[in-house]
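Asker: Just to be clear, the model below is a prediction. Sequence and coordinates:
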Amino acid sequence: MTKLLLSLALCFQLAANGLAQQPGPPPPPPQKTPAQKPAPLPDEPAGVDVVKITTNLVQIDAVVTDKKGKHITDLRAEEVEMFEDGKSQAITNFGYVNFSRPAAAFNAEPAKQVGGPGPVPGKELRPEQVQRTIALIVDDLRMSFDSVHYIKETLKKFLDEQMQPNDLVAIIFTGGGMGALTRFTTDKRQLYATVEKLKWIPRIGNSSTTFAPIQQEVLPVPDRHEGSTNEVEDLNQFRKDLFSVGTLGALNFVIRSMRQMPGRKMVVLFSDGLQIFSPQEQAGSTYILDSLRILLDLANRSSVVINTMDARGLAELGLQASDSTRNLSPLQVEQRLTQRRAYFFDSQDGLDYLAAQTGGLSIRNTNNLNQGLKRIMDDQAGYYLIGYRPSESTFDATNRNKNFHHVALKIKRAGSYNVRTRTGFYGIADEKVKPASDTLQAQLMNALLSPISQSDIQLRLTSLFADDAEKGSVLRSFLHVKASDLTFTKEANGTHKTVFDLVAITFGENGLALDQVVNQHTIELTEAMFEKVSRYGFTYDTAVPVKKPGAYQLRAALRDEATGRIGSASQFVEVPDLNKDRVMTSGLLIRGIPLDQYLKGLTSVEDSDPMANTSVRQFHTGTALVYALTIYNAKTEKVTGKPHLTIQARVFRDGALVFTGNEVPFDIRDQADPKRFGGGGAIQLGTSMTPGEYVLQIVVSDLLAKNKQRVATQWMDFEIVK
């Protein structure tokens, strides 16, 4: 990481990063009539509390369906009876929360188009706009090669067909390490890139197929002492237990992170089974059961529904082609098959148990994994909230650590119904469940690695890719800090002082850290500079070399020393493979210049709004939005050695196209590098544009290339402010 820069002006150092700007054509007039009106956001019950466990109210959620699986939505309180430890409770709170959407609100957008403009990047959602928060957890620690393949296809189809505009989604791998791209996002580009990182992990306990093949042991291993199992079995069981704890540990981390998330919160665990209960050695799994109890209580208090899916599909439990029965008697073969069947059903029981304890669905014995995932998503369309006032004994402090209360729901209406709800809770009120005090380092690392950004201190992170003929590829990042969220003290010498801790890590392939900084910063400002910084904030500027194409992510967390408030942010960047024979672009640098000054050719930094820069991107209407990027691998004519390129600007709001500029011929002027052409232009932000969030798309067309290789696009979000 390099140095701290005050963001009082735009850092538009193009040449240093292989980016160059050419003066754009005169800005086109604002488009008065949008090409398409954005669809209104669906209504959502904001601030709904689902599960509450307090001394005054125990409230749980429940899904009720008929025998065909159709949701029952018209129950009345008198048709429901709630039980705690077998005793009927007087219901004090009752209502149905409907999260269903009109068909027009569903995002049926197809997969991203290769070489085309592609889908609009997901927008930043406000908490009240979030309808579902979905964590898709792939237990690749213990997954077969076959299962990994089918899960990848299922996840892609989910993104193509089932993900909705107001969904926050994270895809997490239990074996992905700290750097896995696990932030909750609406951006399908990031989610597609995460899916592509899913690989089979060849570890002990993993097979390339659904079952490890039957084999004869070549060398017998003697017992260590009388009455014990052999050493190999002990070792394998120990490792399997560790993997189970690892899976539960990943679930724990994600659920804990989801506690403050909005919307209907659900986890879908894809696994090749989870053998929680061991009939042969109950005591050996005690620590797993302890972890499980804590996990389920945490999920219930966090209002998270755990759903599970057996990735093995409809498994064949008989002999398979990979089995070797040579020198095994028929009895021995049958014993091995019996063990295989027992493990299979035990591992399914573990997945069933996780789902049942939180009111979720367990999908198993089906090869249509996508249909199973759709069933899970459809199941969360609505639920009942049912509460009662607990007795004093429910939270008896004398045995609160042992006092687990079972809850059950009975439907008194005539007919056959299926009820799925949480099965119980520990007799500890929510207000007494406090997280363990963390060290400073732990607080920062938790904020850094959490799938959810913290916003006590507002951070805005922008990362851009660029490539230079001499320096190679780099990721240039700007971390903007809202300085008014920090604590400044007035010093004796008249300066204003603040102290904060910053952790920033750039993650690359397989979650490996490419670059990191863990520092404490002290800033002292004069009175004049303090006023500017308080108003405009400042930017932490970084440049990290990258050697390989692929998905990268910068994560940052900042902690105010005086108050302990923390902010965090992350930015996803996909580095293209420039060795491919197709046109590509760098990231977009943008800034805003008052229109009258732009038309006079006054484009210096001093003429710009301090907030209208690449790191903040807040523009006033009537501004000329100037953009710059570098074009790579453009085809050139054999005679002239020049490319034939066009650039087009498009603007979106809420996924709807609101402005389309003309395709402007690209003027290379005197640029000498035939592999890198600096380009740019400008558009006018019309005075009729309403304040809000927008997305700028730049479409570069190489008219000398083949159809599938002739288009490259780049995106950048920005905001119109009053």
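Answerer: Received it, and whenever you're ready, just let me know what you need. Numbers count the residues shown, from 1 in each chain.
Asker: Surely residue 575 touches residue 550?
Answerer: Yes: between residue 575 and residue 550 there is a contact under Cβ atoms under 8 Å: 6.0 Å. Just so you know, the C-beta spots here come from the backbone N, C-alpha and C atoms, and that holds for glycine as well.
Asker: And the two? Which one has more around it.
Answerer: More neighbours surround residue 575 than the other of residue 575 and residue 550, with 20 against 16 (other Cβ atoms under 10 Å).
Asker: Need the mean per-residue confidence for stretch 392-412.
Answerer: Averaging pLDDT along stretch 392-412 gives 78.
Asker: Can you give the contact residues for that stretch?
Answerer: 55, 58, 60, 62, 64, 75, 78-86, 386, 417, 419, 421-429 (Cβ atoms under 8 Å, 6 or more residues apart in numbering).
Asker: just stretch 348-357 next, same as before
Answerer: Stretch 348-357 is contacted from outside by 269, 271, 273-277, 292, 296, 299-300, 306-310, 360-362, 364, 420, 422-424, using Cβ under 8 Å, 6+ apart.
Asker: Restricted to buried residues, select these in PyMOL.
Answerer: Burial among the contacts of stretch 348-357 is assessed by 16 or more other Cβ atoms under 10 Å; the matching PyMOL selection reads:
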select buried, resi 269+271+273+274+275+276+292+296+299+300+306+307+308+309+310+360+361+362+364+420+422+423+424
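Asker: Which of the contacts of stretch 348-357 fall within strands?
Answerer: 269, 271, 306-310, 362, 420, 424 (DSSP state E).
Asker: what would those look like in a markdown table with distance to residue 470 and pLDDT?
Answerer: Listed next are those as a markdown table, based on distance: Cβ to Cβ, whole Å; pLDDT from 0 to 100:
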| residue | distance to residue 470 | pLDDT |
| --- | --- | --- |
| 269 | 48 | 94 |
| 271 | 48 | 90 |
| 306 | 52 | 94 |
| 307 | 52 | 95 |
| 308 | 52 | 94 |
| 309 | 50 | 93 |
| 310 | 53 | 91 |
| 362 | 57 | 92 |
| 420 | 62 | 91 |
| 424 | 65 | 86 |
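Asker: Closest to residue 555 out of the residues you listed?
Answerer: Taking Cβ to Cβ as the measure, residue 555 sits nearest to residue 269 out of the ones in strands among the contacts of stretch 348-357, at 24.2 Å.
Asker: Please name the bridge partners of the closest one.
Answerer: residue 137, residue 308 (DSSP bridges).
Asker: Quick one: residues contacting it.
Answerer: Counting by Cβ under 8 Å, 6+ apart, residue 269 touches 137, 139, 247, 251, 306-309, 351, 354.
Asker: which one among these gets closest to residue 476?
Answerer: Among the contacts of residue 269, residue 137 lies closest to residue 476 (Cβ to Cβ), at 32.6 Å.
Asker: How about the contacts made by the closest one?
Answerer: Taking Cβ under 8 Å, 6+ apart as the test, what residue 137 contacts is 172-174, 250-251, 254, 267-270.
Asker: Show the pLDDT at it.
Answerer: The confidence metric pLDDT takes the value 91 at residue 137.
Asker: Relative to residue 448, how far out is it?
Answerer: Note on residue 137: its distance to residue 448, by Cβ to Cβ, to the nearest Å, is 20 Å.
Asker: What's the local residue count around the residue lying closest to residue 567 once chain neighbours are set aside?
Answerer: Nearest residue to residue 567 in three dimensions, chain neighbours excluded: residue 457, at 3.1 Å (Cβ to Cβ, 6 or more residues apart in numbering). Look at residue 457: counted by other Cβ under 10 Å, it has 22 neighbours.
Asker: residues touching residue 263, list them.
Answerer: Counting by Cβ under 8 Å, 6+ apart, residue 263 has contacts 44, 130-133, 166, 168.
Asker: Neighbour-wise, which one of those residues leads?
Answerer: Within the contacts of residue 263, neighbour counts (other Cβ under 10 Å) peak at residue 168, which reaches 25 neighbours.
Asker: Surely residue 252 and residue 296 touch.
Answerer: No: Residue 252 is not in contact with residue 296 according to Cβ under 8 Å; the separation is 10.1 Å.
Asker: Between the contacts of residue 137, which sits nearest residue 318?
Answerer: For the contacts of residue 137, the nearest to residue 318 is residue 270 (24.8 Å; Cβ to Cβ).
Asker: burial count for the closest one?
Answerer: Residue 270 has 29 neighbours, counted by other Cβ under 10 Å.
Asker: which ones are touching it?
Answerer: 136-139, 143, 147, 151, 154, 309, 311.
Asker: Can you read off the pLDDT for it?
Answerer: According to the prediction, residue 270 has pLDDT 94.
Asker: Mind giving me the packing neighbours of whichever strand or helix holds residue 194?
Answerer: Using DSSP states H and E, residue 194 sits within helix 188-196. Other helices and strands packing on helix 188-196, by 3 or more Cβ pairs under 8 Å, 6 or more residues apart in numbering; DSSP states H and E, are helix 145-161, strand 167-173, strand 550-560, strand 566-575.
Asker: now the last one and helix 188-196, what's the angle there?
Answerer: With axes from the mean of the first three to the mean of the last three Cα atoms, to 10 degrees defining the directions, strand 566-575 sits at 80 degrees from helix 188-196.
Asker: Quick check: mean pLDDT of strand 566-575?
Answerer: The model assigns strand 566-575 a mean pLDDT of 84.
Asker: Buried residues of it, list them for me.
Answerer: So strand 566-575, judged by 16+ other Cβ under 10 Å, has buried residues 566-573, 575.
Asker: Out of those, flag the one nearest to residue 633.
Answerer: residue 575 (14.2 Å).
Asker: Next, the contact list for that closest one, please.
Answerer: So residue 575 contacts 465, 473, 475, 546, 548-552 (Cβ under 8 Å, 6+ apart).
Asker: and residue 388, what are its bridge partners?
Answerer: Beta-bridge partners, per DSSP bridges, of residue 388: residue 58, residue 91.
Asker: Burial check on it, number of neighbours?
Answerer: Neighbours of residue 388 (other Cβ under 10 Å): 20.
Asker: now it: how far from residue 513?
Answerer: 49 Å.
Asker: for residue 668, same thing?
Answerer: On the measure of Cβ to Cβ, residue 668 and residue 513 end up 39 Å apart.
Asker: Comparing these two, which residue is more hemmed in?
Answerer: A count of neighbours by other Cβ under 10 Å puts residue 668 above the other of residue 668 and residue 513, at 19 against 13.
Asker: Under a three-state scheme, what state does the more buried one occupy?
Answerer: Three-state call for residue 668 (DSSP: H, G, I helix; E, B strand; the rest coil): coil.
Asker: Need the per-residue pLDDT for it.
Answerer: 74.
Asker: Would you list the phi and psi of it?
Answerer: phi -80, psi -20 (degrees, to the nearest 10).
Asker: what sits against it?
Answerer: Contacts of residue 668 were listed using Cβ under 8 Å, 6+ apart, and they are 642-643, 677.
Asker: Next: residue 502.
Answerer: By Cβ under 8 Å, 6+ apart, the neighbours of residue 502 are 517-521, 540, 556-559.
Asker: So what's the residue count around residue 629?
Answerer: Neighbour tally, residue 629, other Cβ under 10 Å: 28.
Asker: ok, now residue 679?
Answerer: 26.
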